[in-house]
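Visitor: here is my input; please provide its structure:
(3 chains)
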Amino acid sequence: MKKYSVKKIWRYPSRLVFFRLDDRLLLIVLGALVGVCSGLASVALNHGLSALSDILQSCRSLWWAFFLPGIGAVLSFLFLEKVVREGAGHGVPEVVYSVSRYGGLMRFRSSFSRLISSWLTIGSGGSAGPEAPVVMSGAAIGSNIARFFSLNERQRVALVGCGTAGALAGIFNAPITGMVFTIEIIMGDWSAVNVVPIAIASVAGAQVSRLLSGDQIQFTHLKFAIDMTSIFLSIGLAVVTAAVSVLLTRCLVASHDIAGRIFLPFWIKAAVGGCLVGLIGLARPEVLGEGYHFIQKMVEGGFPAGLFLVTLLVAAKIIATSLTLGWGGSGGIFAPCLVIGSFTGLMCHRSIMALWPGLTSINEGCFALLGMSGLISGILQAPMTGIFLIVEITGGYETILPLIIVSAISTTLTHAFEPASYYLRDLISSGQYMRPRTDARVLSDLSIRELVETDCITVHRSMKLGDFVKVVQESHRNYFPVADEKSGKFVGMIHLDDIRPYLFDPLLYEAVFLEQIMRADPDTVDIADELSEVLDRMDKRRLYSMPVVSGDRFVGMVSKATLLDRYRHELMVQS
Amino acid sequence: MQMQMLHIFRNTPLGRETLLQTSYFCSQTGASPVIYVPENLKFLMYFENDVVQIDLDKSYLNNPETAKARAVNVIESMGLATPRFIEPKHFTASTLPDIPVNFEFMCCPRSISDLSSKIGLGHIGPRVRRIVKSATFPVLIPSMLFKPFTSIAVLFGGSHNAMRALRLGLRIQSFSGLPLDVFTQADDKRSQDDFRGILADAGLETQMDKNVRKWYFFDKSRFQDNLYEISHDALIVLGSYGHGLVKELLFGSTMEMVQSVMTNSMLIVGHQYRAGV
Amino acid sequence: MLLSINELSRYLSMPPDTLRRWIRQGRMPVKWKGDKCIFSTRMIKSWAADNHLKFTLPGDTKADNDDLLSSSLVTAMETGGVHYGLSGDTVAGVLHEAVARIGDIIGESAKPALIKSLLEREEMMSTGIGHGVAVPHPRKPLAGIDAPPLIATCFLQTPVDFDAIDHKPVHVMFLLVAPDSRSHLYLLSRTSYCIRDVEFRGLLASVPDKKMFIEKVGEIETLFGKSHA
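Guide: Numbers count the residues shown, from 1 in each chain, chains lettered A, B, ... in the order given. Purely as a prediction, here's the structure:
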């Protein structure tokens, strides 16, 4: 045993004296490592995507090009389902789920599966983004590195956060966005212990991407003059982006529902969805792929399209995205949001121009930016991410005032119609949305097994009242479980109140058996039940304690008094 | 608290044999079986420091409508109470349920992801290995056909995990009252006295003298050949060290060797196993 | 320090399942080493204090045991001493005399208050519990006395009428002074248990010497402990 631990001490860094006192240093070191790895993953996907679209560029003009997204979607679906056998799902919710319920445990296969499947979907022209897949890969990389080093759950969650931060920082070359997104969406918790390693990982991820892809910001930095008019107009823009956000969310859900109702093999659905996207793409190639270079054009102000065409593009991109993601393609919502956002911004700009032709102080590139931020904030309901992302990918700080206004208003308005963000809606509806230190989280951590009090004295059904009174004298509890003496099966409960009327009547002591007094078939809780369900049942029936059984045996009592005690300890220990 | 044993039910004759073995094990140890009837071909088990995805062989989804009734039937035929069925409450993805892992035992055929036609001696499926490696409970790998065991055989090689296997063997002995034998293969470095010393250090000496029927001690020929001494109807309890996959393929392990020779049911104590649950 | 999870659970008075989870989640400064938990005692104590938990090692509870032991009947009787030939023919007279004998233990200044309180108690109802025995004690534990719980055994020169329940004159007094009501009740119940013993009453009548008397009390107290364990 001794030899073993010496030989493999590097696998257990938390045992080193150096890190034992405080694991912050350990987390920073490992966070940097995770940041580098997830940065590499994002660079790999970026390069893979541009390589694949270069290869396919030559086929774009051919008539059968609309099959390409279909083929891509099928391959991506088959890869996910048959080769790596991941369950379906868009990535980010799984990360949040595993962070909140299982301390960030993720499968190793997740660290590459989404990269490849989304590479196939997007590279072939599907309308989706590479960000969510990269985020999931980063998270899985973090989780597996934590597992390799046998870290505990708290540390593992921090490293999962590092992974997502590094990945996002890498793909956008935007370290602050990586941090903010991780804290806003993945962790839901600003604690200094987590923020520091996440910041380091962001830096590492961004630096890796700068080393390998050059230090370039996604979109060229332009100087926009912002005056009062634009600030007022941005309020109008925010309303429009909120409306588009709601529309996009509804379309995504509807398209998923429709796909679910069609009884076809899944891969055929993916093919149909992909081909439809391809058909749209034949008419308007702007909707294909992640679409970043169109954004570039719009920001620069050189996008040649009138109001009608831009509105059409908004609709087309929404439909294409819904078809890709809802029908079995693999990818994220981030990039489509940016594209739709910039189209929306442009749409607003064109309408304002049509209404007040003399207004020259507003710039269409600036509106494209604001539109992007509005849509991101609306869909993700994460205003900070929306603001910082746009500031960082355009490298401009001048637009910050209208950006904040658009983000804030768009988030608020969208929230009124869609109370849950796109990433979290599934989690919320299945009750799995558990942020640290919330009621749901504490209840999910505590189990009946931990709360059960086993100091009850079990009595037999054929015990005489007189003997029972002696038992009562020795017990300090009010509840007594009754069991069958032969089989040990739990048959009922006796509360002290039940025997109070007979307590001072020694005549009954020899005449009454417990079987006659007990409450048969009481409401019981199984030892494996979830605490939140049990509490609901207690509330409904106005009970303060319930007997716990395992199989047909009595185990103990669970009571609200003990729960309060444990609940407090749990909250204290969690913070 | 009652001990529980997880069983993943396969609605085929082969699955019935494994379930019979589970029921027998439960009736001997006083544990109660907990049955999962899969509805998807895959599910996840979140262990302490690992998450294992189990991809089941297609036969697990056979005739879902009869599965529960059949399982209850088999279990009640062995004189046990109606088992609890697991309804997955949490899903990592819509087709990917999470199965709880807080059990005292689990029963797992030699292979659960490959076709049952492949199951034979000398083959333990990769998923089963992962479960053994990460589980905090011992895994019962039943014999192909149901065969009640009438004694317990602990393979004790002196290692840390072998010690835990021995303790587990003693616990099962105390639950079931079946006779317990210990089998040890000496090597060049260690003699029987050394093994006695190891036991004394662990404070198991008196328990050993009291509860063990016989301590077989081999110092000749290979362990494989000596395994013939183990009774054909014994439950073999052994520890698995939990090497990496590569190491296991290159050098093999005791678990590997034993299961390629023996047809008995085996209870394997993995590296993460924690006694006294 | 290396402990099993069950031991740790006892010392922290939390269920082992909760502790397992906390260790897994990294919420407490404890790590697994095989089947045992390894931790630094100092760190876990400060962690427990931060989280309003109690961490008591078996060594730490020794103080409590000492406390209990010190209030055992034998110790209290040894502290109070055995006094022979108290003079006086009234209740007040013998009480004055008895308090004077234990004056050096409770301190001179506390004497008047003690006598006043003892007399008050006698006025309410006699402490003569029959068989020629009285157990005079203050009504409430006295604040000013800085002494361990004590029982002064006083053999009277002449029996005194205590207005006891069986109207027999009292020849032995157990003067009981305790700093708090818990040990007061504890000693009172043990004393009355002794007096119920016929053999013990016989011994009292014979006015035994101190050594023999204390030995007998010790014997009965062990019996008491057994029957109430």
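
Visitor: what's the nearest residue to C:Asp50 if we skip its chain neighbours?
Guide: Using Cβ to Cβ, 6 or more residues apart in numbering or on different chains and skipping the chain neighbours, the partner closest in space to C:Asp50 is A:Met572 (7.8 Å). Where C-beta positions appear, they are placed from N, C-alpha and C, glycine not excepted.

Visitor: C:Ala164 too?
Guide: Ranked by Cβ to Cβ, 6+ apart and with sequence neighbours excluded, the top spatial neighbour of C:Ala164 is C:Gly128, at 2.7 Å.

Visitor: can you confirm B:Ile236 is in a strand?
Guide: Yes: using DSSP: H, G, I helix; E, B strand; the rest coil, the assignment for B:Ile236 is a strand.

Visitor: to what extent is the nearest residue to it once chain neighbours are set aside buried, counted in neighbours?
Guide: Leaving aside its chain neighbours, B:Ile236 sits nearest to B:Met266 (4.6 Å; criterion: Cβ to Cβ, 6+ apart). For B:Met266, the tally of surrounding residues (other Cβ atoms under 10 Å in any protein chain shown) stands at 25.

Visitor: would you agree B:Met266 is in contact with B:Gln259?
Guide: Yes: using Cβ atoms under 8 Å, B:Met266 makes contact with B:Gln259 at a distance of 6.2 Å.

Visitor: and the closest residue to A:Val452 other than its chain neighbours, what is it in contact with?
Guide: Sequence neighbours aside, A:Gly556 is the residue nearest to A:Val452 in space, at 3.9 Å (criterion: Cβ to Cβ, 6+ apart). Taking Cβ atoms under 8 Å, 6 or more residues apart in numbering or on different chains as the definition of contact, the neighbours of A:Gly556 are A:452-456, A:547-548.

Visitor: out of those residues, who has the most neighbours?
Guide: Compared across the contacts of A:Gly556, A:Val548 has the highest neighbour count, 26 neighbours, by other Cβ under 10 Å.

Visitor: for it, name its beta-bridge partners.
Guide: Counting by DSSP bridges, A:Val548 forms beta bridges with A:Val525, A:Gly556.

Visitor: tell me the contacts of it?
Guide: So, once contact is read as Cβ under 8 Å, 6+ apart, A:Val548 ends up touching A:448, A:452, A:524-527, A:554-558.

Visitor: recalculate using a threshold of 7 Å.
Guide: By Cβ atoms under 7 Å, 6 or more residues apart in numbering or on different chains, the contact set of A:Val548 is A:448, A:452, A:524-525, A:527, A:555-558.

Visitor: and if you look at A:Ala335?
Guide: By Cβ under 7 Å, 6+ apart, the contact set of A:Ala335 is A:129-131, A:290-292.

Visitor: can you name the helix or strand that A:Ile499 falls in?
Guide: For A:Ile499, the element it lies in under DSSP states H and E is helix A:496-503.

Visitor: next one: that helix to chain centre, how far?
Guide: Mean-position distance between helix A:496-503 and its chain equals 54 Å (Cα atoms, centre = their mean, to the nearest Å).

Visitor: just checking, what packs against that helix?
Guide: When contacts are defined as 3 or more Cβ pairs under 7 Å, 6 or more residues apart in numbering or on different chains; DSSP states H and E, helix A:496-503 packs onto helix A:465-474.
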